[in-house]
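> Build me a structure from this.
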Amino acid sequence: MVKILAFFITFVLVLNISLSNVLAQSSTSSETSPPISNEDLLLLNLNLNRIETQLNILLDKINNNNNSFLFEHAYIPHSVIYPSIKPLAISLDDNLAKSLEANLTDIGINSRSAPESSILQSEIVDSLNLVNDFYSKLKGSLPAQDFSILESQTMSYLLRDAYNSYSIYLNSSNLLDPESANFAMIDYENTLGLLNQSKTIFEILKPNMTSAKSDEVDYFISSINNLVASKSGDVSEFLRLVTAIENDLNESNNIRIQDTSKSLDSSLQAYYDNIDTLLNNALSSLQNGDYVAADKNVSSAYLDNFEYLEAPIEKVNSTLMLQIETNMRENLRDMIQNKTSLPVIEAYISDIKADLEVSRQLLSTTSSGGGGGIDSSLQAYYDNIDTLLNNALSSLQNGDYVAADKNVSSAYLDNFEYLEAPIEKVNSTLMLQIETNMRENLRDMIQNKTSLPVIEAYISDIKADLEVSRQLLSISNSASSANPGNQALPSAFVANTANIDSLKEGFGVYTGERRDMGNATEDFKVQVRNDIDTIRVKLDQVISLVNQNESSEALATARSAYLDSYENIEIPLRPIDPDFTLEMEIKFAELRNLITANAPPDEIVSKVYELKNGLDESERFVQGIGVVAPAIAFSSSFSIIFREGLESALIIGAILTYLEASRNEKFKKHVYIGIILAIGLTAITWMVAEFIIDISGAQRELIEAIAGISAVAVLFWVSFWVLNKIETKKWIEFVKAKVWQATATGSFMVFVLLAFFTVYREGFETVLFYQALFSFAKYMELYVLAGMVIGLAIIIAVVFIIRKLGKKLPLRVLFGLTMGVGAFMSITFLGNALREFQELGWIPTTHLLGIIPRFDINVATMTGIHPTLETVIGQLILLSIYVVGSLYILFIQPRRQQKIASMRKSVAKKEMEKEKRETSTAITDNARKNLDRDLEDV
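Here you go, the predicted structure:
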């Protein structure tokens, strides 16, 4: 038994060590961003499946009352498998790891001391549940397509395990030693368990495979099971079937590598040559301790070269394209920035070069079918990436992690970016893998100063994947080689600028996972908001640097805005809207081109404005509309139509009531004519406003900003007008004055005009308010319409109540509420309008990130609260005016009027008393005169 267990321990350890050199064909960019590398994810998943295999063997034995080799099967997961992945398990979930370890320990003890106990069975079931919890964690940390690839690889290794176990069984069962022959059954049971576990994984993979491939794999698995059941000694057939299954799994994931020795189109080859040169330069810089120079070389290898190879590689192997992209753009740059040891970076760049060579061969094969290789412009990207990765390795060798990071950054951002679209067409998984390895993993290694041998190995893997992508692009291109005439090296490349046409090839080619708007984890949503804030600050810095003629720094800042921030946003954004993601990528490239070409500042400001609008849209896609913003949109819409409609309804209702009371009903039809004319002109006004906005083109945002300011002015005036009419008595006096003025003339046109202007004034205001509201309520139009419809319905009900039931409305409450909502809306419109002017560069932007609350884009636009000094000051000033004005009209003015009235009453009272006294005195004097006269007569 000791011999068997020792052999199994050695076998498992050897497999784990070998796996450490295998680059998983999946992205580590996950929604939970686990601190686990591609290789470690595969190791963890594989060994969890090995543990599950042993647990299922134990459970099956217990259910069948078979106690043979219980301890041996319990010993394997606890003492052999789990210790090799314990650190990885803890890093993924500490609590699950501790619980699983404790359970496996108890299973080992109870399998020997109490094999027939129900406790043992319960512990096995609990352990299986814990393993399933780990699977859920792993699955949740990866996009669906990447997890499928991880499972495919795991299945392949389990089948290899089964093959090795079966080989050991055959060798041991033939031994003369009875004990050894007896223990050979452990390996036979392991073989059966591993085959069952592989079958379980295959059932998960089936939905993602074509029926033909699925049936073929089923046939191969069935053949292996028959071979094992018959205990055939034909191990070569076993291995042949396993290899066939692996090939089918690879083909299903579009990662098969095809050999070729065909030549590559010259323009694409130029990119490969440039990449190779730049990577070599990066290595030289690292050897000289110049990390900044190394980073620049790697950045150029990617951004200026590999970007143009992405599209053609995507056509033939998107997985390889993604792997190379990630390794160059992120991983290698991270290694350089973190000053990873030179040997590690050298090995990583070597891997990147190998991937680039595979992609180059694929592109050569692609065009060889029709006499042309990979498109020349794409080959140039590959060449540039290879050069930049070599330069990064050189920089690392010299201890210059900064230069190495710049080389890797350029290899990704300036080169691989332009290969993404074509690689995406042929294998999106490969494209994503290369992208993640270049953009994130390699750069992380450099930034963390991973040892040079590790980085060298990683770059070597990236190069291998790049080469696969290149070969795939070559294969894909052969189908269209009947139309030769590949373009020469684009002039944009010669000028070290982005090839926009190459990027545009990526529209409509995304084949990965698709998600609905807002379908992202909360962690991703927070990350996207933070990254967008960072990008906005950097874009403002770009404008400032351009105005200072600091083109080099402006270009570096623009690159950083995309590479270090927007690339992170692309992870959750791409599955939601891949074409929009590519559109933003193109806009960033266009900005870099403008800076490189020393374009006029106005053009750069205009492009920055486009990018800022795109950032808002990116946030909306990832955030979704939520609950709060739609509620505000609905209530604002309801308030607009209710207030404007209520005012019109009250005036028209009062007019009609007066006409009926005064027996002047003959004028009612003229009132209705005025209403119809006003409604018609309001509709025309809406269409004219829409037309003006539609034809404004590039000035659309300016028109919308001006409309917002106009809405603020009207809302301000209307709010205080309503405030002055908030007392019912004042309102009645206002209406009576209007109606009396109309009836006094006796002309029917007066009633037509009175009704027309009453309704059209409110209609014009409504058009203005709704135009402003619709411009800010993106993707919430249905809520705005719902508020409008419900508001109209309530207005109709109000008219019915007034006209038919003779009810009075609480005008003070209604006008008070509408005035408050109007004030809120005007403050919102002002904040949004000021932000638009900031985006247009008309007013400065002083960011207050971390000081002013940062709401998601939907809530921000529906409240107008943006974390900039200028918008906050503007809103506070308007709010102060509302507060002061309201206090004056509602409290100070009434008290002053009351005081004046009281004074007038007091004066009047004194006058009356004086008159009384004078009257009394006059009466007394007359009485005396009469008395004197009477006395004289006497």
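> what about residue 231, which SS state?
coil (DSSP: H, G, I helix; E, B strand; the rest coil).
> residue contacts, it?
170, 188 (Cβ atoms under 8 Å, 6 or more residues apart in numbering). Every C-beta, even on glycine, is put in place using the N, C-alpha and C of the backbone.
> Model confidence at it, what's the number?
With respect to pLDDT, residue 231 has a value of 87.
> And for residue 101?
On the pLDDT scale, residue 101 is placed at 84.
> again, but for residue 205
Note on residue 205: pLDDT of 86.
> How about residue 589?
Per-residue pLDDT puts residue 589 at 86.
> From what I see, it and residue 417 are in contact.
Yes - between residue 589 and residue 417 there is a contact at 7.1 Å, judged by Cβ atoms under 8 Å.
> between these two, which one's more packed in?
Neighbours were counted for residue 589 and for residue 417 using other Cβ atoms under 10 Å; residue 417 has more, 39 against 25.
> nearest residue to the more buried one other than its sequence neighbours?
Of all residues not flanking residue 417 in the chain, residue 307 sits nearest, at 3.4 Å (Cβ to Cβ, 6 or more residues apart in numbering).
> same deal with residue 75?
residue 108 is the one closest to residue 75 (Cβ to Cβ, 6+ apart), at 5.8 Å.
> Work out for me the element residue 222 sits within.
Per DSSP states H and E: residue 222 is located in helix 211-229.
> Return the distance of that helix from the chain's centre.
Taking Cα atoms, centre = their mean, to the nearest Å, the mean C-alpha location of helix 211-229 is offset from the chain mean by 41 Å.
> likewise stretch 621-637?
17 Å.
> quick revisit: hang on, the residue nearest to residue 417 in a helix?
Yes - Residue 307 forms part of a helix when assessed by three-state DSSP.
> burial measure for it, as a count.
Residue 307: 36 surrounding residues under other Cβ under 10 Å.
> swap in residue 91?
14.
> Show me what the helix or strand hosting it is packed against.
Following DSSP H and E, one finds residue 91 within helix 82-92. Using 3 or more Cβ pairs under 8 Å, 6 or more residues apart in numbering; DSSP states H and E, the elements in contact with helix 82-92 are helix 2-19, helix 38-63, helix 94-113, helix 118-140.
> Measure how it sits relative to helix 94-113, angle-wise.
150 degrees (axes from the mean of the first three to the mean of the last three Cα atoms, to 10 degrees).
> now helix 82-92, how far from the centre of its chain.
From the chain centre to the centre of helix 82-92 is a distance of 31 Å (Cα atoms, centre = their mean).
> Against residue 321, how distant is the residue nearest to residue 417?
Per Cβ to Cβ, to the nearest Å, residue 307 is found 11 Å from residue 321.
> cool, and residue 589?
Taking Cβ to Cβ, one finds residue 589 at 17 Å from residue 321.
> From residue 45, how far out is residue 297?
Taken as Cβ to Cβ, the span from residue 297 to residue 45 is 36 Å.
> Between these two, which has more neighbouring residues?
Taking neighbours as other Cβ under 10 Å, residue 297 and residue 45 compare with residue 297 leading, 43 against 25.
> ok, that one - contacts?
278-279, 281-282, 285, 387-388, 391-392, 394-395, 403-404, 406-407, 410-411.
> re earlier: state the mean pLDDT of the helix holding residue 91.
For helix 82-92, mean pLDDT rounds to 82.
> Tell me what angle that helix forms with helix 38-63.
Helix 82-92 runs at 120 degrees relative to helix 38-63, counting by the same axes, to 10 degrees.
> quick one: low-confidence parts of the stretch 351-500 of the chain?
365-374, 377, 475-500 (pLDDT under 70).
> same thing with the stretch 651-800 of the chain?
661-662, 693-702, 704, 707, 715, 718-739, 741-747.
> quick one: the helices in it?
Here the stretch 651-800 of the chain has its helices, by DSSP state H, counting those that start in this stretch, at 668-695, 700-724, 728-745, 748-776, 781-800.
> so which of the ones you listed is the most packed in?
helix 748-776 (a mean of 21; mean count of other Cβ atoms under 10 Å).
> by contact count, what packs against it?
Using 3+ Cβ pairs under 8 Å, 6+ apart: helix 748-776 touches helix 628-661, helix 668-695, helix 700-724, helix 728-745, helix 781-800, helix 811-839.
> Test my guess that residue 169 contacts residue 163.
No - the pair residue 169 / residue 163 is not scored as a contact, 10.7 Å apart, by Cβ under 8 Å.
> how about residue 849, phi and psi?
Here is the backbone geometry of residue 849 (degrees, to the nearest 10): phi -60, psi 130.
> give me every residue that touches it.
Neighbours of residue 849 in contact, by Cβ under 8 Å, 6+ apart: 533, 537, 867.
> For residue 406, give its distance to residue 143.
29 Å.
> repeat for residue 826
Distance from residue 826 to residue 143, by Cβ to Cβ: 45 Å.
> Please say which of the two ends up with more neighbours.
Neighbour tally, residue 826 and residue 143, criterion other Cβ under 10 Å: the higher count belongs to residue 826, 27 against 23.
> Any chance you could list residues touching both of residue 307 and residue 321?
Taking Cβ under 8 Å, 6+ apart as the contact rule, residue 307 and residue 321 both touch 416, 419, 420.
> ok, back up a step: hey, C-alpha coordinates of the helix holding residue 222 in PDB?
C-alpha atoms of helix 211-229 as PDB (Å, rounded to 0.1, in the frame of the first residue of the first chain):
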ATOM      1  CA  SER A 211     -24.100  18.200 -31.900                       C
ATOM      2  CA  ALA A 212     -21.500  16.600 -34.200                       C
ATOM      3  CA  LYS A 213     -18.700  17.300 -31.800                       C
ATOM      4  CA  SER A 214     -20.800  16.300 -28.800                       C
ATOM      5  CA  ASP A 215     -21.700  13.000 -30.300                       C
ATOM      6  CA  GLU A 216     -18.100  12.400 -31.300                       C
ATOM      7  CA  VAL A 217     -16.800  13.000 -27.700                       C
ATOM      8  CA  ASP A 218     -19.600  10.800 -26.400                       C
ATOM      9  CA  TYR A 219     -18.400   8.100 -28.600                       C
ATOM     10  CA  PHE A 220     -14.800   8.400 -27.500                       C
ATOM     11  CA  ILE A 221     -15.800   8.400 -23.800                       C
ATOM     12  CA  SER A 222     -17.900   5.300 -24.300                       C
ATOM     13  CA  SER A 223     -15.000   3.600 -26.100                       C
ATOM     14  CA  ILE A 224     -12.700   4.400 -23.200                       C
ATOM     15  CA  ASN A 225     -15.300   3.000 -20.700                       C
ATOM     16  CA  ASN A 226     -15.600  -0.200 -22.700                       C
ATOM     17  CA  LEU A 227     -11.800  -0.500 -22.900                       C
ATOM     18  CA  VAL A 228     -11.600  -0.100 -19.100                       C
ATOM     19  CA  ALA A 229     -14.500  -2.300 -18.300                       C
END
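> From the contact counts, what lies against whichever helix or strand residue 188 is part of?
Assigned by DSSP H and E, residue 188 falls within helix 178-205. Counting contacts by 3+ Cβ pairs under 8 Å, 6+ apart, helix 178-205 packs against helix 2-19, helix 38-63, helix 70-75, helix 144-173, helix 211-229.
> Show me what counts as buried in that helix.
Across helix 178-205, burial judged by 16 or more other Cβ atoms under 10 Å covers 180, 182-199, 201-202, 205.
> Stretch 453-467 too?
Quick answer for stretch 453-467 (16+ other Cβ under 10 Å): 453-467.
> now swap in stretch 40-48 and tell me
Those would be 40, 41, 42, 43, 44, 45, 46, 47, 48, for stretch 40-48 by 16+ other Cβ under 10 Å.
> how about the residues you listed in a markdown table, adding distance to residue 573 and pLDDT?
A markdown table is the format used below for the buried residues of stretch 40-48 (distance: Cβ to Cβ, whole Å; pLDDT from 0 to 100):
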| residue | distance to residue 573 | pLDDT |
| --- | --- | --- |
| 40 | 27 | 77 |
| 41 | 23 | 81 |
| 42 | 27 | 82 |
| 43 | 30 | 83 |
| 44 | 28 | 86 |
| 45 | 27 | 87 |
| 46 | 31 | 87 |
| 47 | 34 | 87 |
| 48 | 31 | 89 |
